[in-house]
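Trainee: sequence first, then the predicted structure, then my questions.
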Amino acid sequence: MDLLDDLKKGKRGAIAKAISMVENDQKESKKLLKKIFKDTGNSIVIGITGPAGAGKSSLINKTAVALKKLGTKPAVLAVDPTSHVTGGAILGDRVRMSESTDSGTYIRSIASRGATGAVSRSLRNSIRVLEYSGFNPILIESVGAGQTEVEISNIADITVVVFNPNTGDSIQTIKAGLTEIGDIYLVNKSDLTGTNQLYDAVRDFIGDSERNPTILKTSVKKNSGITEFAKTLKKMMASKKELKKEKDQERLEAELKEIILNNIKEKIDGMLDSDKIFSKYLKKLQTKNSDPFEAGDKITKSLLK
Ligand SMILES: Nc1nc2c(ncn2[C@@H]2O[C@H](COP(=O)(O)OP(=O)(O)O)[C@@H](O)[C@H]2O)c(=O)[nH]1
Ligand SMILES: [Mg+2]
């Protein structure tokens with residue numbers, strides 16, 4: 001397949017085509033995965049999360065350039081819930097990320113809403129396409145917890161949480177769960193006032209936890225802290241390798257179970273309409289001669305016989 005050669009060469013058109021496949025076309029996606037799977041799983045995935053407007057896209061743009069200078073070959077996937085609706089966010093991000101694209105970084109927005117599991121599946125497989133194409137690390141931009149279907153810390157080997165002194169709710173956000181997931185915390189927009197207070201607050205909340213995460217100040221505007229951030233990432237890419245292997249084993253197990261359960265669900269769903277026991281208990285339920293739990297249990301039991 002020419003597509004595979006072109007992917008190996010890192011050709012942009014081929015990568016775009018392959019990612020579209022895994023996003024939209026289950027059949028093609030299956031064929032592709034069969035061919036590339038052996039050559040995947042070797043890149044570190046860096047999740048960059050934080051509230052909208054924290055400066056994630058701007059940071060990733062600069063950081064990708066810095067990572068490139070350090071001898072790595074980064075790619076970016078942006079999981080943005082707003083991009084799906086208007087397309088505006090993609091355009092904005094393209095502009096903000098143009099510098100890194102020019103330097104050879106591959107950047108792509110992918111849909112963040114869809115059927116349950118669909119986003120994780122297309123993200124997982126888009127990552128595989130990028131791994132096959134030789135990119136490492138793969139940076140994933142995603143807005144804060146709960147706002148997309150994807151829990152970024154489950155997918156990422158390194159999780160970076162971005163705050164800035166602009167958003168009054170930062171401290172609330174820190175308290176509300178982002179404290180547990182970060183390997184690195186960035187206080188971005190350090191050119192603005194309130195930076196030191198926020199830095200101290202972040203350190204107080206999470207700095208003395210057992211995980212001992214790194215806390216850094218960055219400013220995209222003043223181009224400060226970015227190189228240090230990139231160097232920290234590169235070091236972490238090496239130190240997380242073993243843990244990644246372990247995590248990948250667990251992820252593969254979860255993925256396999258998910259696929260099996262999905263297959264079974266689809267199959268059973270198709271069978272129910274013509275199933276006699278189903279019809280029998282549905283009638284009983286509709287005439288109040290059974291209740292939903294009882295009917296459900298009876299039908300399930302008969303199906304699993
Ligand atoms: N003052 C200042 N503004 C920044 C900095 N980084 C990003 N911004 C601005 O913050 C806004 C949101 O940035 P964006 O990268 O889109 O944030 P995202 O929603 O987290 O991806 C844009 O107007 C950026 O120009 C920074 O370090 N300092
Ligand atoms: Mg963004």
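Mentor: Nice, I can see it. Numbering: from 1, shown residues only. Ligands and ions are numbered 1, 2, ... in the order given.

Trainee: so how far is ligand 1 from Ser120?
Mentor: 21 Å (Cβ to the nearest ligand atom, to the nearest Å). Backbone N, C-alpha and C define where each C-beta goes, glycine included.

Trainee: near Lys11, how many other residues are there?
Mentor: Using other Cβ atoms under 10 Å, Lys11 has 15 other residues around it.

Trainee: so which bits of this protein are right by ligand 1?
Mentor: 52-58, 96, 188-189, 191-192, 219-221 (Cβ under 6 Å from any ligand atom).

Trainee: the helices in the stretch 201-305 of the chain, which residues?
Mentor: 226-239, 241-272, 276-286, 292-304 (DSSP state H, counting those that start in this stretch).

Trainee: mind checking pLDDT for the residue in the chain that ligand 2 sits nearest to?
Mentor: With Cβ to the ion, the shortest gap between the chain and ligand 2 falls at Ser57, namely 3.3 Å. With respect to pLDDT, Ser57 scores 88.

Trainee: how far is the host helix or strand of Ile107 from where the chain is centred?
Mentor: Under the criterion of DSSP states H and E, Ile107 resides in strand 106-110. Taking the mean of its C-alpha atoms, strand 106-110 sits 12 Å from the chain's own mean (Cα atoms, centre = their mean, to the nearest Å).

Trainee: and for stretch 196-213?
Mentor: Distance, centroid of stretch 196-213 to centroid of chain: 24 Å (Cα atoms, centre = their mean).

Trainee: end to end, how far does it reach?
Mentor: 18 Å (Cα to Cα, to the nearest Å).

Trainee: my guess is Glu28 meets Ile19, correct?
Mentor: No. Counting by Cβ atoms under 8 Å, Glu28 sits too far from Ile19 to count as a contact (11.5 Å).

Trainee: settle it for me: which of the two has more neighbours?
Mentor: Ranked by neighbour count (other Cβ under 10 Å), Glu28 and Ile19 place Ile19 first, with 22 against 15.

Trainee: I'd guess that one is in a helix, am I close?
Mentor: Yes. Counting by DSSP: H, G, I helix; E, B strand; the rest coil, Ile19 is part of a helix.

Trainee: what sits closest to it if chain neighbours are left out?
Mentor: Ser126 (4.8 Å; Cβ to Cβ, 6 or more residues apart in numbering).

Trainee: list of residues touching the one helix or strand the one you found maps to?
Mentor: For Ser126, the host element (DSSP H and E) is helix 118-132. With contact meaning Cβ atoms under 8 Å, 6 or more residues apart in numbering, helix 118-132 is reached by 7-8, 15, 18-19, 22-23, 29, 32-33, 36-37, 39-43, 45, 75, 77, 79, 106, 108, 110-114, 138, 140, 148-150, 155, 255.

Trainee: if I look at the residue most central in space within the chain, how far off is Val202?
Mentor: With distances taken as Cα atoms, centre = their mean, the residue of the chain nearest its centroid is Ile152 (4.4 Å). Noted for Ile152: a distance of 19 Å to Val202, by Cβ to Cβ, to the nearest Å.

Trainee: so, low pLDDT: which residues of this structure?
Mentor: 1, 80-103, 112-116, 144-150, 167-179, 207-209 (pLDDT under 70).

Trainee: domain parsing for it?
Mentor: For the chain, automatic domain parsing gives the domain ranges 42-239, 254-304.

Trainee: which parts of this protein sit against ligand 2?
Mentor: 56-57 (Cβ under 5 Å from the ion).

Trainee: which residue ranges of the stretch 1-150 of the chain form strands?
Mentor: 45-50, 75-79, 106-110, 138-143 (DSSP state E, counting those that start in this stretch).

Trainee: just put the ones you listed in JSON lines and tack on mean neighbour count.
Mentor: Shown next, in JSON lines, are those (neighbours: other Cβ atoms under 10 Å):
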{"stretch": "strand 45-50", "mean neighbour count": "26"}
{"stretch": "strand 75-79", "mean neighbour count": "26"}
{"stretch": "strand 106-110", "mean neighbour count": "21"}
{"stretch": "strand 138-143", "mean neighbour count": "25"}
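
Trainee: could you dump those to TSV with distance to Thr300?
Mentor: Converted to TSV, the strands of the stretch 1-150 of the chain look like this (distance: least, Cβ to Cβ, whole Å):
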stretch	distance to Thr300
strand 45-50	37
strand 75-79	35
strand 106-110	36
strand 138-143	36
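
Trainee: hmm, back to that, so of the domains of the chain, which one's packed in deepest?
Mentor: Among these, domain 42-239 has the highest mean neighbour count (mean count of other Cβ atoms under 10 Å), at a mean of 19.
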